[in-house]
Each structure stands twice: as C-alpha cells, then as structure tokens.
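# Could you look at this predicted model? Sequence included:
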Amino acid sequence: MDELRFNMAAARGGTSNDPEASGPKRDVVMTIATKSLPLVLCLLVSSALADPIPESLIGTWQLVSRADRDPAGALVPEPSLGAHPSGYLIYDRSNHVYVQMMAENRTSTSCETTAKADTNNLAHVGGYDAYFGSVEVDPAAHVVTHVLEGALGPADVGRRLTRRYSVEGDTLTLSMEPGGEHSRGITRTLIWHRITR
C-alpha cells in the first residue's frame with residue numbers, strides 16, 4: 001500500500017513520506033508516462049474512428065436462399081453447395097463475423113475440395129464452407145468486408161471478401177461477384193433471415 005501511495009504521489013509530482021519520491025523513481029515514472037501517452041492516445045483515436053457494424057446487421061441470420069445468376073438474370077447451377085444449402089451467419093457488436101454453410105445432400109468425402117477459391121469466394125471442402133474473422137463496413141456504399149482470421153481452407157486465411165448488403169426488417173441480402181475463371185459475369189445473392197439479435 002505504501003508503494004502505491006508513493007507511485008501515485010510521484011506521478012503527480014507531489015511528495016510522500018519516502019525520501020526517494022523526488023529522486024530517480026519519480027523520474028522513471030514520469031518518463032514512462034510521457035513516452036506512453038502518445039501511443040495510448042493513438043490507440044484510442046484509431047479505435048474511435050473504426051466504423052462499428054451498423055445495428056441493422058447485428059444478429060444471427062439463417063440462410064433462406066443462395067442463387068447465382070448470369071448477366072441476363074438467368075439462374076446458373078452452382079454445384080459445390082447446390083441450390084438449397086443451409087447455413088448461419090453471425091455479426092456481433094465487436095465487429096466480428098462467423099459463417100457456416102452446408103450443401104443440402106452432402107455426398108462427397110469430407111476432405112475433398114468441392115469448389116476452388118475464386119477471387120471473392122472461398123474454397124468449399126466436402127460441400128461445406130466455414131470461416132470467421134473481423135468486419136469492415138462502408139455504410140455509405142452498403143459494403144461489408146469479411147477479413148478472414150480462420151477458414152476451412154487454410155489458404156483462405158487472411159483473405160478479404162467483399163459483399164454488398166441491404167437490410168429490410170429481419171431480411172438481409174448479400175450479393176457479390178465470386179470472380180475467377182468459371183464465374184465470370186456471375187452475381188451470387190444470398191438472402192438471410194434474422195433469428196436473434
């Protein structure tokens with residue numbers, strides 16, 4: 001307790017009953033405080049400037065539909081997860097995302113890559129897609145970027161996946177172009193229903 005009183009008194013530049021309060025210990029405390037202050041302020045400002053996830057995106061979402069369309073609007077089959085996959089998507093208030101999707105009738109072996117990664121899409125393994133990470137949001141452009149910290153396919157860790165979003169009540173629509181050689185001109189649209197906030 002006396003040490004705490006000494007440190008607080010020394011940090012304030014005051015005195016304490018300890019004769020060293022105005023000596024080298026005080027100088028060390030003041031040096032650490034003055035050198036640390038810019039770093040602390042920088043961290044506070046950068047965290048305050050980060051765009052939080054809009055409240056409308058927060059929650060657990062259940063996949064309703066996932067469809068690929070060509071430039072003319074015609075449906076295009078997507079064999080890795082199929083026409084009716086199931087899945088969940090979670091956005092939380094700490095700017096994190098968690099996604100899992102699974103093909104309706106999984107028939108492939110569990111470690112078989114059923115879809116290779118494209119420019120803006122992940123590899124699917126055994127008819128399954130899963131990842132988690134942080135989120136960056138541009139509310140003005142209605143774009144959300146998933147920054148992958150973990151993924152089913154190890155090569156996907158660190159990737160940035162961009163999605164356009166719109167929310168109406170408890171319905172979330174995400175759309176994107178998967179990219180890649182086999183998906184040129186394809187737009188993928190996923191519709192989700194919020195089940196919890």
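Perfect, I can see it now.

# Could you use CA atoms for every contact and neighbour count after this?
Fine.

# what about this structure, any weak spots by pLDDT?
1-50, 107-124, 180-183 (pLDDT under 70).

# Please enumerate the helices of it.
Assigned by DSSP state H, the helices in the chain fall at 2-12, 24-49.

# who does the nearest residue to Ile90 once chain neighbours are set aside bridge with?
What sits nearest to Ile90 in space, not counting adjacent residues and going by C-alpha to C-alpha, 6 or more residues apart in numbering, is Thr60, at 4.5 Å. Per DSSP bridges, the residues bridged to Thr60 are Ile90, Thr196.

# List the residues that contact Thr60.
Taking C-alpha atoms under 8 Å, 6 or more residues apart in numbering, we find Thr60 in contact with Tyr88, Leu89, Ile90, Tyr91, Arg194, Ile195, Thr196, Arg197.

# domains of this protein?
2-49, 55-196 (automatic domain parsing).

# Show me the strands in the protein, by range?
59-69, 75-76, 86-92, 96-102, 113-115, 124-125, 128-138, 143-151, 160-168, 171-176, 187-196 (DSSP state E).

# Between those, which one is closest to Ile53.
strand 128-138 (6.3 Å; C-alpha to C-alpha).

# what angle do that closest one and strand 160-168 make?
80 degrees (axes from the mean of the first three to the mean of the last three C-alpha atoms, to 10 degrees).

# what sits up against strand 128-138?
51-53, 81, 95-103, 122-123, 143-152.

# Go through it and flag the buried ones.
Using 16 or more other C-alpha atoms under 10 Å as the test for burial, strand 128-138 gives Tyr128, Asp129, Ala130, Tyr131, Phe132, Gly133, Ser134, Val135, Glu136, Val137.

# and Glu149, what does it touch?
Glu149 touches Tyr131, Phe132, Gly133, Ser134, Val157, Gly158, counting by C-alpha under 8 Å, 6+ apart.

# Can you tell me which of the strands of the chain is most buried?
Ranked by average neighbour count under the criterion mean count of other C-alpha atoms under 10 Å, the strands of the chain are headed by strand 124-125 at a mean of 23.

# quick one: Asn95 from Tyr131, how far?
Going from Asn95 to Tyr131 by C-alpha to C-alpha, to the nearest Å gives 14 Å.

# for His193, same thing?
19 Å.

# Arg69 now?
24 Å.

# what do you get for Pro71?
From Pro71 to Tyr131 the distance is 28 Å (C-alpha to C-alpha).

# Could you do Leu174 as well?
Taking C-alpha to C-alpha as the measure, Leu174 and Tyr131 are separated by 16 Å.

# again, but for Pro52
Relative to Tyr131, and taking C-alpha to C-alpha, Pro52 is found at 20 Å.

# Look at the spatially closest residue to Pro139 that is not a sequence neighbour and say how many residues are nearby.
Spatial nearest neighbour of Pro139, excluding adjacent residues (C-alpha to C-alpha, 6+ apart): Pro54 at 7.4 Å. The number of residues packed near Pro54 is 14, by other C-alpha atoms under 10 Å.

# How about Ala140?
Neighbours of Ala140 (other C-alpha under 10 Å): 6.
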